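Trainee: here is my input; please provide its structure:
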Amino acid sequence: QKTLRTIVNLAEDGLDTSEPVVSRNDIYASVDEVLDTGTPYGPLLRTVELPLDDAPGVYLWCIIYPMALLYALCSHSKRFAKLLFSSIPASGICRIALYTDETIPGNQNSPDRSRLTQCIYWTLLELPSWFRTFGILRVALQKDVKAGLSGVMRVVLRSFFSPGGFNFDVGMRLPRSWDFVAGGRQDYFQLKARLGCYVQDGKAHAEVHGVKGPSGMKACLECKNCARAKLEDIAGDPYLRHISLATPDEFDLHTTESFFEAADVVETLTLQRESGGDNCLTKGQLEDLEKFLGIEYCPDGLVFDRYLRPYASPIEHTVWDWMHNVAASGGIAQYEVNRFCLYLLVMGANFSLAALDSFQQQICWPMALRNTLSKEFFQNRVQSGENSHLRAFAGECVCAVFALTLFAEMVLRPCGIMLEHCDCMVLMFTIIQIFGGHDHGASVADELMRCLVDHHKLYLKLYGMAVAKPKIHYLYHSAMMLMKLMV
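Mentor: You can find the predicted model right below:
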């Protein structure tokens, strides 16, 4: 409430701030006043139809309409209008970034997942990272939508690139509220935008694109030849590579055209079978084809919406969220931290999880990271199973990597102990630093790719394939897209 009161009181224009906001109702009233503001692109709050599966009618989903939001912000804030105008690149076309993630409001440790919510954000890559909003949707309801998350994202993208309405690709006029022409007449500037990327974890990418995902044989939608299979099943194959072992020089990457061509093959053969035509595939043959191509036919899904194909490409716009791949549940760093600690315990009585906790408690952490690790973090979170991963939130895992890197450099390396494990942990630390940093020039991108390859090889040598999950492969694609976007 205090934060909302501050925001309302500091509003530059468009709100009546003559009286201080002192109650929750005042805050709601002030927010409603803004949300009710009309624009040439309609109201800020808009309802869009989500067709439901196995149910009549539609669900009316309330969203913040992107074009109306930009117009209202530029009208109400001279500073924002000037920021947006100055952020338009020389090409005149900005890049839209979409991000989806699931969250549970309230206690994150609660086993009750009935409140699990899908959050969808958007921003322009040319703007600061704090600008992001679109809508939220209960996951329980999302499951009832035709094609699930894929159907939801189809509606989201049509909100940006409407076939019969406003379209970012065509452009929009925004008020130059900081500058008026002679006679006080309002002047305008033009803004165009195209999809730059959508950032998601592996599970969400699989749902959005209707692909098999991390659990399927074709666990990567961007690679034609990387398979998740038993080594003996693809041993000696000149083309297929195991997804946990392949390095970028071995990838046979899809293009937008080849991916949609594969999707069209699945669609054509599926419709032939449903129509009962001659020489159609059997159900088993069709399932084998989908398994081989890694694509499932879903007529209401994003991939099979031909209107959106010029705007959204699974190959050109997919960004694998590096934080999910590294530090979130089942991330590579979680496995590495757990195995590192287990190896450390084998070294003798002088090394224990209690000693690690004593060490990490003596670190002078930055204010933002202070108290992230509890006093007995390693004692409580390291799992005894050889192929288990650390039980931790992403932020805790990142801090655990930082702590173990310091321990490796200050304690283990001077003693000549676990030197390769120390090297592997330092590489993980460097990878996190680069992904999480702001300097993403070409030289840094090259260093990131080198670190990923070196870490991958050392990780496999030390810890084996059992803990080399598909996320270690997705990190390469995260780096490739980073190099492409240079943001």
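Trainee: quick one: low-confidence ranges for the stretch 151-300 of the chain?
Mentor: Applying pLDDT under 70 to the stretch 151-300 of the chain flags residues 180-184.
Trainee: in it, which spans are strands?
Mentor: Along the stretch 151-300 of the chain, the segments classed as strands by DSSP state E, counting those that start in this stretch run 172-180, 186-200, 226-227, 241-242.
Trainee: and residue 334, how many neighbours does it have?
Mentor: Look at residue 334: counted by other Cβ atoms under 10 Å, it has 28 neighbours. Where you see a C-beta, it was placed from the backbone N, CA and C, and this is true even at glycine.
Trainee: could you point out which element follows the helix or strand that contains it?
Mentor: If you go by DSSP states H and E, residue 334 is part of helix 332-346. Following helix 332-346 in sequence order, the next helix or strand is helix 353-361 (DSSP H and E).
Trainee: what's the closest non-adjacent residue to the residue nearest the centre of the chain?
Mentor: By Cα atoms, centre = their mean, the chain has its centre lying nearest to residue 200, at 2.6 Å. Leaving out its chain neighbours, the residue that sits closest to residue 200 by Cβ to Cβ, 6 or more residues apart in numbering is residue 100, at 5.3 Å.
Trainee: that older thread, which other helices and strands does the helix holding residue 334 contact?
Mentor: Applying 3 or more Cβ pairs under 8 Å, 6 or more residues apart in numbering; DSSP states H and E, we find helix 332-346 packed against helix 322-326, helix 353-361, helix 394-407, helix 419-436, helix 442-463, helix 471-485.
Trainee: got a markdown table for those, with mean pLDDT and mean neighbour count too?
Mentor: Converted to a markdown table, the helices and strands packed on helix 332-346 look like this (pLDDT from 0 to 100; neighbours: other Cβ atoms under 10 Å):
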| stretch | mean pLDDT | mean neighbour count |
| --- | --- | --- |
| helix 322-326 | 94 | 24 |
| helix 353-361 | 95 | 17 |
| helix 394-407 | 96 | 22 |
| helix 419-436 | 96 | 19 |
| helix 442-463 | 92 | 17 |
| helix 471-485 | 91 | 21 |
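Trainee: including distance to residue 104, could the ones you listed go into CSV?
Mentor: Shown next, in CSV, are the helices and strands packed on helix 332-346 (distance: least, Cβ to Cβ, whole Å):
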stretch, distance to residue 104
helix 322-326, 16
helix 353-361, 27
helix 394-407, 14
helix 419-436, 24
helix 442-463, 31
helix 471-485, 22
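Trainee: residue 373: which of the strands of the stretch 151-300 of the chain is closest?
Mentor: With Cβ to Cβ as the criterion, residue 373 lies closest to strand 186-200 of the strands of the stretch 151-300 of the chain, at 26.8 Å.
Trainee: what residues sit buried inside the closest one?
Mentor: Neighbour-count burial for strand 186-200 flags 191, 193-200 (criterion: 16 or more other Cβ atoms under 10 Å).
Trainee: so what strands line up beside that strand?
Mentor: Each strand paired with strand 186-200, and its direction, by DSSP bridges: strand 93-103 (parallel), strand 172-180 (antiparallel), strand 318-320 (parallel).
Trainee: pull the second one out as PDB, backbone CA atoms only.
Mentor: The C-alpha trace of strand 172-180 is given here as PDB (Å, rounded to 0.1, in the frame of the first residue of the first chain):
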ATOM      1  CA  MET A 172       0.800   4.000 -34.400                       C
ATOM      2  CA  ARG A 173       0.800   7.700 -33.700                       C
ATOM      3  CA  LEU A 174       1.900   8.800 -30.300                       C
ATOM      4  CA  PRO A 175       1.600  12.400 -28.800                       C
ATOM      5  CA  ARG A 176       4.800  14.400 -28.500                       C
ATOM      6  CA  SER A 177       3.500  15.700 -25.100                       C
ATOM      7  CA  TRP A 178       6.800  17.500 -24.400                       C
ATOM      8  CA  ASP A 179       6.600  19.500 -27.500                       C
ATOM      9  CA  PHE A 180       3.800  21.500 -29.100                       C
END
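Trainee: quick revisit: distance check, the residue nearest to residue 200 against residue 130.
Mentor: Counting by Cβ to Cβ, to the nearest Å, the gap from residue 100 to residue 130 is 18 Å.
Trainee: so which of the two has more stuff around it?
Mentor: residue 100 (24 against 6).
Trainee: ok, now which ones touch that one?
Mentor: 118-121, 149, 153, 198-200, 204, 208 (Cβ atoms under 8 Å, 6 or more residues apart in numbering).
Trainee: ok, of those, which come out buried?
Mentor: Neighbour counting by 16+ other Cβ under 10 Å classes 118-121, 149, 153, 198-200, 204, 208 among these as buried.
Trainee: now the contacts of residue 100 in a markdown table, with distance to residue 347?
Mentor: Below are these laid out as a markdown table (distance: Cβ to Cβ, whole Å):
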| residue | distance to residue 347 |
| --- | --- |
| 118 | 45 |
| 119 | 43 |
| 120 | 47 |
| 121 | 45 |
| 149 | 46 |
| 153 | 49 |
| 198 | 45 |
| 199 | 40 |
| 200 | 40 |
| 204 | 40 |
| 208 | 45 |
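Trainee: helix, strand, or coil at residue 391?
Mentor: On the three-state scheme (DSSP: H, G, I helix; E, B strand; the rest coil), residue 391 is labelled coil.
Trainee: return the backbone torsion pair for the residue lying closest to it once chain neighbours are set aside.
Mentor: Nearest residue to residue 391, sequence neighbours excluded (Cβ to Cβ, 6+ apart): residue 381, at 4.8 Å. Reported as degrees, to the nearest 10, the phi and psi values for residue 381 are phi -110, psi -20.
Trainee: picking up where we left off before, closest to residue 69 out of the helices and strands packed on helix 332-346?
Mentor: helix 471-485 (23.0 Å).
Trainee: quick one: contacts of the closest one?
Mentor: The contact list for helix 471-485 (Cβ under 8 Å, 6+ apart) reads 95, 125, 196-197, 202, 214, 219-220, 222-223, 226, 243-244, 246-248, 251, 318-322, 324-326, 330-332, 431, 435, 440, 442, 445, 448-449, 452, 456, 459.
Trainee: and after the strand or helix carrying residue 72, which helix or strand comes next?
Mentor: If you go by DSSP H and E, residue 72 is part of helix 66-76. The helix or strand immediately downstream of helix 66-76 is helix 78-87, counting by DSSP H and E.
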